[in-house]
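Colleague: Based on what follows, work out the 3D shape:
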Amino acid sequence: MDFFHGQETLTTIQWILRAIIAFFFLLFAAKILGRRSISQLRLLDYAMAISIGNIIAHPLSDENLGMKGSMITMSALVILYTVVVLLSLKWVSFRRLIEPPPIPLIKNGEIVSANLRKARISVDFLISELRKEKVEDVQKIALALWEADGSISSFLYPQHQTPTRTDMKIAPEPFSLPIVLIREGKIDYHELNNTKFNEEWLKNKIQSTYNVDIKGVLLATIDLKDSLQVFLYK
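Modeller: Reported below is the predicted structural model:
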């Protein structure tokens, strides 16, 4: 465990061992922090990501620094992060301190220029983000908000929204996700066992319809109507 502490020199193997330990320790820390910390970064998450990255980088590049201090510091930050998140869930006033409320950028089809300056974004950036949501006309938007994570949420006027089945009085169908039976040439037996079909049926179906074996299938899914959809390697 000499590589764990500061040394004048480290061998190649010791450097590799340091990297492996740091990698799995980061995975462990991310697991504790939860999915929120790896989604679009908010203020608290951004501060944590920068801090942890900076702390773990030094012992991975400087043999004179041991890993013990960095891992203790990271552990303290993870605990602090967890406490702050729990406090934000309990007290709304504290939550608003670290997660500011959304800023209206567009109201009733009009751009709120003062809030653009408050959010520190340009009109060009706003228009670019709206294009990503397939909105070409600002006047179609009833409300657009600058969220705490740096994204823009926009809501169209009802007359510009895509009609739903309810609007068109069409009977809805039950929701379901297609079941993945084959991925990258391998059968997912766990998912296959949740259907009424077996491996022999699947192989015969693929062979008779597409004239390939299972290894030639990139992806195969089946829906509630027992419709098999297959994507082959090309």
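Colleague: which secondary element of the chain has the worst mean pLDDT?
Modeller: helix 12-33 (a mean of 65; mean pLDDT, DSSP states H and E).
Colleague: pretty sure Glu129 is touching Gly150, no?
Modeller: No: assessed by C-beta atoms under 8 Å, Glu129 is found out of contact with Gly150, at 9.9 Å. (Each C-beta comes from the backbone N, C-alpha and C, glycine too.)
Colleague: okay, the longest helix seen in the chain in PDB with CA atoms only?
Modeller: If you go by DSSP state H, the chain has its longest helix at helix 67-90. Provided in PDB are the C-alpha atoms of helix 67-90 (Å, rounded to 0.1, in the frame of the first residue of the first chain):
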ATOM      1  CA  MET A  67      -4.400   9.700  -1.600                       C
ATOM      2  CA  LYS A  68      -5.500   9.500   2.100                       C
ATOM      3  CA  GLY A  69      -6.000  13.300   2.500                       C
ATOM      4  CA  SER A  70      -7.900  13.600  -0.800                       C
ATOM      5  CA  MET A  71     -10.200  10.700  -0.100                       C
ATOM      6  CA  ILE A  72     -11.000  12.100   3.400                       C
ATOM      7  CA  THR A  73     -11.700  15.500   1.900                       C
ATOM      8  CA  MET A  74     -13.900  14.000  -0.700                       C
ATOM      9  CA  SER A  75     -15.800  12.000   1.900                       C
ATOM     10  CA  ALA A  76     -16.400  15.100   3.900                       C
ATOM     11  CA  LEU A  77     -17.700  16.900   0.800                       C
ATOM     12  CA  VAL A  78     -20.100  14.000   0.000                       C
ATOM     13  CA  ILE A  79     -21.500  14.200   3.500                       C
ATOM     14  CA  LEU A  80     -21.800  17.900   3.300                       C
ATOM     15  CA  TYR A  81     -23.600  17.700   0.000                       C
ATOM     16  CA  THR A  82     -26.000  15.100   1.400                       C
ATOM     17  CA  VAL A  83     -26.800  17.300   4.400                       C
ATOM     18  CA  VAL A  84     -27.400  20.400   2.200                       C
ATOM     19  CA  VAL A  85     -29.700  18.400  -0.100                       C
ATOM     20  CA  LEU A  86     -31.700  17.100   2.900                       C
ATOM     21  CA  LEU A  87     -31.900  20.600   4.400                       C
ATOM     22  CA  SER A  88     -33.100  22.000   1.000                       C
ATOM     23  CA  LEU A  89     -35.900  19.300   1.000                       C
ATOM     24  CA  LYS A  90     -37.000  20.300   4.500                       C
END
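Colleague: Low-confidence stretches in this protein?
Modeller: Applying pLDDT under 70 to the chain picks out residues 1-12, 14-20, 22-44, 46-47, 56, 58-63, 65-69.
Colleague: Strands along that one, start to end?
Modeller: Along the chain, the stretches classed as strands by DSSP state E are 103-107, 110-111, 141-146, 152-156, 179-183, 186-187, 217-222, 228-232.
Colleague: would you list those strands in TSV and tack on mean neighbour count and distance to Met71?
Modeller: As requested, the strands of the chain are exported to TSV (neighbours: other C-beta atoms under 10 Å; distance: least, C-beta to C-beta, whole Å):
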stretch	mean neighbour count	distance to Met71
strand 103-107	19	39
strand 110-111	13	48
strand 141-146	20	37
strand 152-156	16	38
strand 179-183	19	36
strand 186-187	14	37
strand 217-222	19	41
strand 228-232	14	44
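Colleague: Of these, give the one that comes closest to Glu133.
Modeller: strand 152-156 (5.8 Å; C-beta to C-beta).
Colleague: Walk me through which strands the closest one pairs with, and which way each runs.
Modeller: Partner strands and pairing direction for strand 152-156 (DSSP bridges) are strand 141-146 (antiparallel).
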